[in-house]
Structure formats: C-alpha cells, structure tokens
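A.B. asks: Next input, structure requested:
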Amino acid sequence: MVKVSMSSQFAMSLMSVAEFAGWAALALLFWRKSLSRRFPAMGAYLALRLSAAPVLLLLLHGNSIFFPSNQWLILYFFVFWAVYITSVVLLYFVCIEVFRSALSAFPGLMKLGLVVFRWAVLPSVIVTFSSISFAHKGVLVIPEIAFGLMRAVSILELSLFAFLCLSLSALRLSVRDRAFGIALGFGMISANDFVAASLQSLNVALTAPLQVVYESMILVALGTWIVYFILPEPAHKPVMVPVNSTIYRWNEIASALGHTGTQVAVPHAGNAPFLTDVDSVVDRVLARNLKDRKSET
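C.D. replies: You can find the predicted model right below:
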C-alpha cells in the first residue's frame, strides 16, 4: 500500500509539472500566433495561470521567512481565491470572445447574442448568492461564492460548446477553427469538473486513481489546444448563404432589432384611410367606362 501511494504521489507530481509545461507551451504558441488581438481575454487568462502558479507554489511550500506560519497560510488563502475568482471573470469574457468569433459572419445574430450573454450573467450571480448561507461563516464564505460562480461559468461553457456543435453547418464554421478549438477545450475541462463535483456530492472520495484521471483530462484539453494552435487555421472567406435561408432571415431580423432609421407610418388593416377607398372606386369606374367605349366602337 505504501508503494502504491508513493507511486500515485509521484505520478501526480509528474502530471502537475506536465500541466504547468502545457500551459507554458500553450501561452508561447498563443502569443507567437498573435492571437491576443483576436482573443485578448484568453491571453489574460493564460497570463494569469502562468504567473499565479509559481506564486501559489511558493506560498504553499515555501518557508515562512517574513511571516509566521499561520499568517503565511492566511496569505495563501486570500491569494488563491483571488486568483480563482479572477479566472472566473476572465472565462466569462473568453466565452464572449469565442461567440463573437464564431458568429462574425452574421453581425445581427452576433449583436443579439452578446446582449443575451450580458444579461445571462445577472441571474447566474443572483442564484449563486441566494443559494449561499452567510450565517457564521466569515471569510469561509469566499470558497462557496467562488465555486458557485465557477459552476455558472462552466454551464455557460458547456452551453456554448453545444451551441457550436449544433450550428456548425448553419454558421459555415469549420471544426478546425480556433474558436471551436477553444470552446472544445473548455468544454472538456468543464465536463471534467462536473464529474468530480458529482462524485464529491455522492460522498465518493477522490482517491489517487480518480485524481490521476482528473488530471489526465486537463492534460488532454491542453494537448487539444496545442494542436489547434500549431495547425494552420482555414482561411476566413465571406460566407455565402441563400437569400431564403432561415439563418439569413434571422440575421436580418436581429439586425433590425434596436435599429433606429427613418420612421414611416403604417396604417392598421382595419382602419384604412378614406382616400384609399375613394381611389379604388375611381379606378374601377374609369376601367368600366373604358370597357364600355371599346364595346361601342
């Protein structure tokens, strides 16, 4: 049993080092491809992961030189959850960037979807804070708030990935598009987190094998991103859709929503103007007279 536990700990240590190396390689590819212009929030998220990892490792395992041990742990607590909540906020903006990139060919639907994205965060925050008991918890309420916000963002990531999978053909979006690759990676990580959370809710302890599986899925997601960033992306061409297609009509409707242009008066069908009726009667009389003249001749 001791050998098994030691081997599991050694495997987890190796996987942790591999994960940090994966994030570093991903960030290097991200900035070499100049993707920070297209996905600035994703760039900020990668920078946060790379800068926070050594700091948290130092706070966790470093000797307390300037602070007593208890103050050192308190400092680690606040830094860890500050980084965690900041990553939640950045992930929300990453979802918006992926959505904007995927629907760039349909500006009307993109603008309408962004409005829905911005309003979707409000009920998520309300549900998160309303489901938390603040009685006699103090600073211990911070992890519950952070987990609730991350759960809401994870649902948003899975919903975005499902939407892209169902709308690939309609949006003329390639599977090799980097926006789809980013959504795929975050979808894998979110599904991995939900499985781990469900096991914990069932009072199933995350033993060493389960932790290895959990860490392996993160490495798979990182590997997926690295492959997407290495392979060339298909050239973005103008999207050609039939005029009578459904997505074109929806895009036109979404473009018209909120558009302020020239205002015209549209009469109600049941209250047609009087002059319109007079014109129609005159036209019928003239047509009848012309017909009678032709018959006489």
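A.B. asks: Quick check: buried residues in the helix or strand where Gln9 lies?
C.D. replies: Assigned by DSSP states H and E, Gln9 falls within helix 2-32. Of the residues in helix 2-32, those buried by neighbour count under the rule 16 or more other Cβ atoms under 10 Å are 11, 15, 18-19, 22-23, 25-27, 29-30. All C-beta spots, glycine's among them, are computed from the backbone N, C-alpha and C.
A.B. asks: next structured bit after the top helix by length along the chain?
C.D. replies: When the chain is parsed with DSSP state H, its longest helix is helix 69-102. Next helix or strand after helix 69-102 toward the C-terminus (DSSP H and E): helix 107-130.
A.B. asks: Packing partners of that following helix?
C.D. replies: helix 69-102, helix 141-166, helix 246-256 (3 or more Cβ pairs under 8 Å, 6 or more residues apart in numbering; DSSP states H and E).
A.B. asks: just to revisit the earlier point, any idea which of the buried residues of helix 2-32 is closest to Phe147?
C.D. replies: Distances from Phe147 to the buried residues of helix 2-32, taken as Cβ to Cβ, are shortest for Glu19 (20.6 Å).
A.B. asks: give the contact list for that closest one.
C.D. replies: 215, 218-219, 222 (Cβ atoms under 8 Å, 6 or more residues apart in numbering).
A.B. asks: Any chance of a markdown table for these, columns secondary structure and distance to Met150?
C.D. replies: Converted to a markdown table, the contacts of Glu19 look like this (DSSP: H, G, I helix; E, B strand; the rest coil; distance: Cβ to Cβ, whole Å):
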| residue | secondary structure | distance to Met150 |
| --- | --- | --- |
| Glu215 | helix | 18 |
| Ile218 | helix | 15 |
| Leu219 | helix | 20 |
| Leu222 | helix | 18 |
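A.B. asks: Which of those sits closest to Trp81?
C.D. replies: Nearest member of the contacts of Glu19 to Trp81, counting by Cβ to Cβ, is Ile218, at 19.8 Å.
A.B. asks: Share the number of residues neighbouring the closest one, please.
C.D. replies: Per other Cβ atoms under 10 Å, the neighbour tally for Ile218 reads 20.
A.B. asks: isn't it right next to Ala191, touching?
C.D. replies: No - if you go by Cβ atoms under 8 Å, Ile218 and Ala191 don't touch, sitting 11.4 Å apart.
A.B. asks: Show me the shaky parts of the stretch 1-150 of the chain.
C.D. replies: Low-confidence segments of the stretch 1-150 of the chain (pLDDT under 70): 1-8, 61-70, 134-137.
A.B. asks: try 50
C.D. replies: 1-4 (pLDDT under 50).
A.B. asks: tell me the contacts of the nearest residue to Ile96 once chain neighbours are set aside?
C.D. replies: Setting aside the residues directly before and after it, Ile96 is nearest to Phe117 in space (Cβ to Cβ, 6 or more residues apart in numbering), at 5.5 Å. Phe117 makes contact with 95-96, 99, according to Cβ under 8 Å, 6+ apart.
A.B. asks: export those to TSV and tack on neighbour count?
C.D. replies: TSV is the format used below for those (neighbours: other Cβ atoms under 10 Å):
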residue	neighbour count
Cys95	23
Ile96	17
Phe99	22
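A.B. asks: could the residues you listed be laid out in a markdown table, adding distance to Leu160?
C.D. replies: Shown next, in a markdown table, are these (distance: Cβ to Cβ, whole Å):
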| residue | distance to Leu160 |
| --- | --- |
| Cys95 | 5 |
| Ile96 | 9 |
| Phe99 | 6 |
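A.B. asks: Tell me the one of those nearest Ile145?
C.D. replies: Out of the contacts of Phe117, the member with the shortest distance to Ile145 (by Cβ to Cβ) is Cys95, at 19.6 Å.
A.B. asks: Just to check, that closest one is in contact with Ser154?
C.D. replies: No - counting by Cβ under 8 Å, no contact exists between Cys95 and Ser154, whose distance comes to 10.3 Å.
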